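J.: structure for this input, please:
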Amino acid sequence: MSITPGLSPHERAVWMVVRECTEKNGYCPSQREIAETTGFYLANVNRCVQALETKGYIRRQAGVMRSLIPVDPERAEQTALANNVRRQIGFLRKRLKVTDDVKELVRITDQIDNLLYRLEQWGSG
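T.: Residues are numbered from 1 along each chain as shown. As a prediction, this is how the structure comes out:
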């Protein structure tokens, strides 16, 4: 059985390059370097990186270069949930900034609290 179930061959190749380069050099490769190593187009590498993040096989910090962090495949599902919760919270926080409706503010903060609770429960399970 594959150590990276649920990944396409391209996604698996990108994940392996990120993992191996990070282990060897102590930092992750750029997407351009991944493209050069795999022979994929840069746009395909970008799509694979997005899919890997969605599936929980990598984490990254928005706006920071070389911030791809490979995740142990056994923790991929938990990481995918955490990434999803973080995106949802980010979306809700943006909505908080543009609304003056008190009921909407309460509803949004309740949603954020619920998402954080889910994430906490998942992490301790």
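J.: for stretch 73-85, what does the pLDDT average out to?
T.: Stretch 73-85 shows a mean pLDDT of 77.
J.: may I see the buried residues of that stretch?
T.: Neighbour-count burial for stretch 73-85, counted by 16 or more other Cβ atoms under 10 Å, picks out 73, 76, 78-83, 85. Quick note: C-beta positions are derived from backbone N, CA and C, even for glycine.
J.: and stretch 107-121, by the same measure?
T.: Buried residues in stretch 107-121, defined by neighbour count with 16+ other Cβ under 10 Å: 108, 112, 115, 119.
J.: was I right about residue 11 contacting residue 51?
T.: Yes: using Cβ atoms under 8 Å, residue 11 makes contact with residue 51 at a distance of 5.5 Å.
J.: show me where this protein has strands.
T.: All strands of the chain, identified by DSSP state E, fall at 58-59, 69-70.
J.: pick the most deeply packed of the ones you listed.
T.: Ranked by mean neighbour count, those are led by strand 58-59 with a mean of 22 (mean count of other Cβ atoms under 10 Å).
J.: the residue nearest the centre of the chain: what's it in contact with?
T.: Central residue of the chain (Cα atoms, centre = their mean): residue 53, 3.1 Å from the mean position. Residues counted as contacts of residue 53 (Cβ atoms under 8 Å, 6 or more residues apart in numbering) are 59-60, 83.
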